[in-house]
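# using only what follows, build the 3D model:
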Amino acid sequence: MVNLIENMVPRKTRKNSPNFSWTNADPRDLLYISDLDGTLLSSSGSISTEYIQRLNHLIERGLKFTIATARNYDSAHPILKELNLKIPAILFNGMYLTEFKSGQNVFLADFITRDVVKEMLQLVEPKGLHPFIYSYFSTGEKHRVSYCKTTNPGAEAYLTSLDGDKRLRKVDDFNFDPGEKVSGFLLIDKKRALKRTYQELKKKFPEEISLYFAEDVFNKGYYWLQVYSREANKAHMIKVLTRHLKLPIRNVVVFGDYINDLGMFNIAGRAIAVSNAVPEVKQAAHEIIGSNNSGSVIHYLESLGFA
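Reported below is the predicted structural model:
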């Protein structure tokens, strides 16, 4: 087998661990983790049958591969149901570590407490901001996406994207059932409408929540303010996964394009950005490859010698 890792010349000044040589690394000893939207998937949010087959071939040949996505299981599985993932997937931005074929959760991060949810609602509702709230029922492992109303084209576009999604529920107000736990809180609006709220939440709950505030990649001009528990992020769940697999974190290679990928870029042994990534992600990368629309992650993996 030809070891092509030696040809990975970093495009940035970031350095790898001094105790680990990528020049001598065997790709079969490494774990490859890819983001979905904007990275493994095309800009239409899809992946071709041919690419799935090519990935399956690599996995059968010994590639250790999985995904880390902001999508929930109900959203990710229909797209990748033919992909033979043998390693648990990181879902909902690091909220869940899940056996992909069965949908059974291996590990769950902390949820947002009811008190914090209540205070967030008291903060945003007087401003005319209306969230989508994601929740989870441990009994039956069910998920919900609840909303009261949409008041701008960005939020309406997201609602349209959920058309037919069985998780979706329109409510008059946010009253949670016994056993229902809140896993995520999403606001969509113009930057000016959300920026102050982002700053207020960051100041009010520095230890309780993680915040992601960035432009919607599909609806330019609209921004997403996403809230998760402090523990729910891709980087934390990668650490959980590597302990589960008894694999050093330095043996992890990650692919990404967006702000919520920065945490895993900072901890992985190798961080690779697609060319359509946001500037912050490119700056944090060891290497930049082609775009998501050209299947660059798959081409890269095929160059490692598994095929």
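
# where does the residue most central in space within the chain land on pLDDT?
Residue closest to the average C-alpha location in the chain (CA atoms, centre = their mean): Thr69, at 2.7 Å. According to the prediction, Thr69 has pLDDT 96.

# now do the same contact list for it.
Counting by CB atoms under 8 Å, 6 or more residues apart in numbering, Thr69 touches Asp35, Leu36, Asp37, Ala76, Ala89, Ile90, Leu91, Phe92, Asn93. Every residue, glycine included, has its C-beta placed from N, CA and C.

# next, work out how far apart it and Leu97 are.
Thr69 sits at a distance of 12 Å from Leu97 (criterion: CB to CB, to the nearest Å).

# again with Leu241
Leu241 is 6 Å from Leu97, by CB to CB.

# mind listing the shared neighbours of these two?
Common neighbours of Leu241 and Leu97 (CB under 8 Å, 6+ apart) are Pro88, Ile90.

# tally up the residues packed near Val254, please.
28 (other CB atoms under 10 Å).

# may I see the buried residues of the helix or strand where it lies?
Element membership for Val254, per DSSP states H and E: strand 252-256. For strand 252-256, burial by neighbour count (16 or more other CB atoms under 10 Å) applies to Val252, Val253, Val254, Phe255, Gly256.

# check the closest residue to the fourth one other than its chain neighbours and give its pLDDT.
Put plainly, it is Phe255. Excluding the flanking residues, the one nearest Phe255 by CB to CB, 6 or more residues apart in numbering is Ser34, at 4.2 Å. What the model reports as pLDDT for Ser34 is 98.

# contact partners for Ser34?
Counting by CB under 8 Å, 6+ apart, Ser34 touches Leu40, Phe65, Thr66, Ile67, Ala68, Val254, Phe255, Gly256, Val297.

# run the last query once more with 7 Å
Leu40, Ile67, Phe255, Val297 (CB atoms under 7 Å, 6 or more residues apart in numbering).

# now, those that are in strands?
In strands, judged by DSSP state E, the following of the contacts of Ser34 are found: Ile67, Phe255.

# what's the single longest helix in the protein?
The helix that spans the most residues within the chain, counting by DSSP state H, is helix 191-204.

# which strands and helices sit next to that one?
Judged by 3 or more CB pairs under 7 Å, 6 or more residues apart in numbering; DSSP states H and E, helix 191-204 is in contact with helix 114-124, strand 209-215, strand 222-229.

# list the buried ones in it?
Going by 16+ other CB under 10 Å, helix 191-204 has these buried residues: Ala193, Leu194, Thr197, Tyr198, Leu201.

# report pLDDT for the spatially closest residue to the last one that is not a sequence neighbour.
Once flanking residues are discounted, Leu201 sits nearest to Leu211: 6.1 Å by CB to CB, 6+ apart. The per-residue pLDDT reported for Leu211 equals 92.

# now swap in the one 10 residues further on and tell me
We have a pLDDT of 92 for Gly221.

# number of nearby residues for the nearest residue to it once chain neighbours are set aside?
Sequence neighbours aside, Lys190 is the residue nearest to Gly221 in space, at 6.9 Å (criterion: CB to CB, 6+ apart). Per other CB under 10 Å, the neighbour tally for Lys190 reads 13.

# now do Leu247
Other residues lying near Leu247 total 16 when counted by other CB under 10 Å.
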